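Asker: Sharing a model that was predicted from the sequence below.
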Amino acid sequence: MRILLFLFLGGAIGTVSGAVGIGGGVLFVPALMWLCGMEYEKATGTTLAILALPVFILAAWKSWQQDRVDMEAAIWIGVAFACGAYLGAASFHSLPSEALRLTFGLLLMFVAMRYILGSNHEAASAAAGLTAWLAYHGLRRLGRRHLAAPDLGSLIREKAEQQKGESDYYI
C-alpha cells in the first residue's frame, strides 16, 4: 500500500510540476510529511533525492523541443543551484529544524499571495481575502500553542482591587 501511495504522489506531483514548471519540492515536502508521516528533515532529504537530475531530464527535453528553454540561463543557474543545494544540505544540521519549517511555510505563503494578488480575476481577489483570513487565524492558533493565554479574570479583579485601594486612600 505504501508503494502505491509513493507512486500516486510521484505521478500526481510530477504531472503538476511538468505542467506548471516547478521543481516539486513545494509539493513533495508537505505531502511526505502529511501523507507519509515523515519528519521535516526526512521529507526534505527525500525530496532532494527525488528531484535529482534523472527525474526531470524527460520534462526538460520536452520543453526544449517546444522551444521553451533558455539554455544559457538553464546552464548557469543550474550550476549555481547545484552548488547552493550542496551547501544547503551540508549546513542543514547546524540550522534549527523549527526555524527551517517556519521559513518554508512563510515562503509558501509569500509565493501563494504573489500569485493570487497578481491575477486580475475577481475570484483571485476573493481568494486573497480568504487566504489572509486563514493566515491570520493560522498564526493566531500557532501563537496559542506557544504562548499561554492571559487570565483576564484575575487581571480584571487585580485592577479592580487596585482601584478600590486607591479610592479608599483618597476618602
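Answerer: Structure received.

Asker: switch to C-alpha atoms for all contacts and neighbour counts from now on
Answerer: Fine.

Asker: can you give me the helices for this structure?
Answerer: Assigned by DSSP state H, the helices in the chain fall at 2-20, 25-36, 40-50, 53-65, 71-90, 97-117, 122-146, 152-169.

Asker: and those helices as JSON lines, adding mean pLDDT and mean neighbour count?
Answerer: Shown next, in JSON lines, are those (pLDDT from 0 to 100; neighbours: other C-alpha atoms under 10 Å):
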{"stretch": "helix 2-20", "mean pLDDT": "83", "mean neighbour count": "14"}
{"stretch": "helix 25-36", "mean pLDDT": "86", "mean neighbour count": "17"}
{"stretch": "helix 40-50", "mean pLDDT": "82", "mean neighbour count": "17"}
{"stretch": "helix 53-65", "mean pLDDT": "74", "mean neighbour count": "13"}
{"stretch": "helix 71-90", "mean pLDDT": "79", "mean neighbour count": "11"}
{"stretch": "helix 97-117", "mean pLDDT": "78", "mean neighbour count": "13"}
{"stretch": "helix 122-146", "mean pLDDT": "74", "mean neighbour count": "13"}
{"stretch": "helix 152-169", "mean pLDDT": "75", "mean neighbour count": "11"}
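
Asker: Could you list the domains of the chain?
Answerer: The domain map for the chain lists 1-95, 97-171, with the assignment taken from automatic domain parsing.

Asker: which residue is nearest the centroid of the chain?
Answerer: Centroid check for the chain by C-alpha atoms, centre = their mean gives residue 105 as the closest residue, at 2.8 Å.

Asker: Now do that residue against residue 157, distance only.
Answerer: Going from residue 105 to residue 157 by C-alpha to C-alpha, to the nearest Å gives 40 Å.

Asker: Check what pLDDT residue 22 gets.
Answerer: In this model, residue 22 is scored at 73, pLDDT.

Asker: Spatially, and excluding backbone neighbours, which residue is closest to it.
Answerer: Counting by C-alpha to C-alpha, 6 or more residues apart in numbering, residue 16 is the residue found nearest to residue 22 once chain neighbours are left out, at 7.9 Å.
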